[in-house]
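>>> fold the following for me, if possible:
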Amino acid sequence: MAAGLAARIEAVALAPGLYLVATPIGAARDITLRALDVLNSADVLAAEDTRTLRHLLEIHGIPLRGRRIVAYHDHNADRARPALINALREGASIAYTSDAGTPLVADPGFKLSRDAAAAGLRLHPVPGPSAALAALTIAGLPSDRFLFAGFPPAASGARDTWLRQWAAVDATLILYESPRRVKDTLGKLCEIEANRPIVICRELTKKFEEVIRGTAAELADSIPDEGLRGEIVLVLDRPAPLVADDDRIRSELRQALLSASVKDAAREVAQRLGLPRRDVYQLALQMAAGE
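Residues are numbered from 1 along each chain as shown. Alright, predicted model coming up:
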């Protein structure tokens, strides 16, 4: 099959520029026809993992024809980037692939694309698979407004602060997480909002694909202490609306007024509690006046 496919793919001249090529996150057949054309025709191939790209080319019968695959990853990016930028300046077409999925989404390609754009060089998107969007499509949670926040910090304290910050955003939240830390992350999410609906997407498009739904508390209880296996995407529903009575508003304002002006404190509290700024400002004025 691969040989037959290779016979049908002819290398064609590509316009100069950096081609950001999305590759499968699991099933090799999820690659697009255009991605195959670009990988077959690019002057230079660059990859976060050269072995992964080489295997993908072999599966689809794409020959290297003397081209070598340039490694570009977190550990060598600063050394490898100047040569790639110079090749682009000289009119080369470069196809860059991340380990899996869409380049620049939680991978080291960002600085390469940034420097190419800053140099006035052309960037070409070659869209395709994305674990974040794949998880969103099957989560069954609101998708009209969502935020991809990437990986939480590894350190426990920093992860707690990070989760509290992003979990407060009024949008469906998409996270990547290490399978070994997913239980701990769910435990921290319980402290923020135990009843928040969450969907765990594991090994998307692979043989052992699994989707687990429940609240933060239910999932934290059901996950084994040693964590899960495979690639994990967490999709969190939007935070529940805050119910703010007068005591809650006064408490928030009292704290905010310790370090901010009346105007700034009212704006901050109104935004956090989802209340009309004018009403909160009037209450803040009264409190500042000692009423």
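>>> CA atoms for contacts and neighbours, from now on please.
Fine.
>>> what's the offset of the helix or strand harbouring residue 247 from the middle of its chain?
Here residue 247, judged by DSSP states H and E, is contained in helix 246-256. Using Cα atoms, centre = their mean, to the nearest Å, the distance from the centre of helix 246-256 to the centre of the chain it belongs to is 35 Å.
>>> remind me what it packs against, helices and strands.
helix 262-273, helix 277-288 (3 or more Cα pairs under 8 Å, 6 or more residues apart in numbering; DSSP states H and E).
>>> list of residues touching stretch 144-158?
Among residues not part of stretch 144-158, those counted as contacts by Cα atoms under 8 Å, 6 or more residues apart in numbering are 105-106, 132, 159, 162-163, 166, 171-177.
>>> go again with 10 Å.
Applying Cα atoms under 10 Å, 6 or more residues apart in numbering, the contact partners of stretch 144-158 are 105-107, 132-133, 136, 159-163, 166-167, 169-178, 181, 184-185, 188, 233, 235-238.
>>> quote the end-to-end distance of that stretch.
Stretch 144-158 has an end-to-end distance of 29 Å (criterion: Cα to Cα, to the nearest Å).
>>> ok, stretch 111-128 next?
21 Å.
>>> pLDDT weak spots in the chain?
For the chain, the stretches with pLDDT under 70 are 1-9, 242-244, 291.
>>> can you pull out the strands in it?
For the chain, the strands defined by DSSP state E cover 17-21, 44-47, 69-71, 93-97, 123-126, 146-150, 172-177, 197-202, 210-215, 232-236.
>>> now the ones you listed in CSV, with mean neighbour count and distance to residue 86?
Listed next are those as CSV, based on neighbours: other Cα atoms under 10 Å; distance: least, Cα to Cα, whole Å:
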stretch, mean neighbour count, distance to residue 86
strand 17-21, 26, 11
strand 44-47, 24, 12
strand 69-71, 18, 14
strand 93-97, 27, 11
strand 123-126, 16, 14
strand 146-150, 18, 30
strand 172-177, 22, 33
strand 197-202, 23, 40
strand 210-215, 15, 44
strand 232-236, 26, 36
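>>> got those strands as JSON lines, with distance to residue 83 columns?
Formatted as JSON lines, these follow (distance: least, Cα to Cα, whole Å):
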{"stretch": "strand 17-21", "distance to residue 83": "13"}
{"stretch": "strand 44-47", "distance to residue 83": "11"}
{"stretch": "strand 69-71", "distance to residue 83": "10"}
{"stretch": "strand 93-97", "distance to residue 83": "11"}
{"stretch": "strand 123-126", "distance to residue 83": "17"}
{"stretch": "strand 146-150", "distance to residue 83": "28"}
{"stretch": "strand 172-177", "distance to residue 83": "31"}
{"stretch": "strand 197-202", "distance to residue 83": "37"}
{"stretch": "strand 210-215", "distance to residue 83": "41"}
{"stretch": "strand 232-236", "distance to residue 83": "34"}
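>>> the ones you listed: which one's closest to residue 263?
Closest approach to residue 263 among those (Cα to Cα): strand 146-150, 29.1 Å.
>>> domain ranges for the chain?
If you go by automatic domain parsing, the domain ranges for the chain are 2-129, 132-236, 246-288.
>>> residue 236 bridge partners, please.
Beta-bridge partners recorded for residue 236 (DSSP bridges): residue 173, residue 198.
>>> of the contacts of stretch 144-158, just the buried ones, PyMOL syntax please.
Listed next is the PyMOL selection for buried residues among the contacts of stretch 144-158, using 16 or more other Cα atoms under 10 Å:
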select buried, resi 105+107+132+136+159+160+163+166+167+171+172+173+174+175+176+177+178+181+184+185+188+233+235+236+237+238
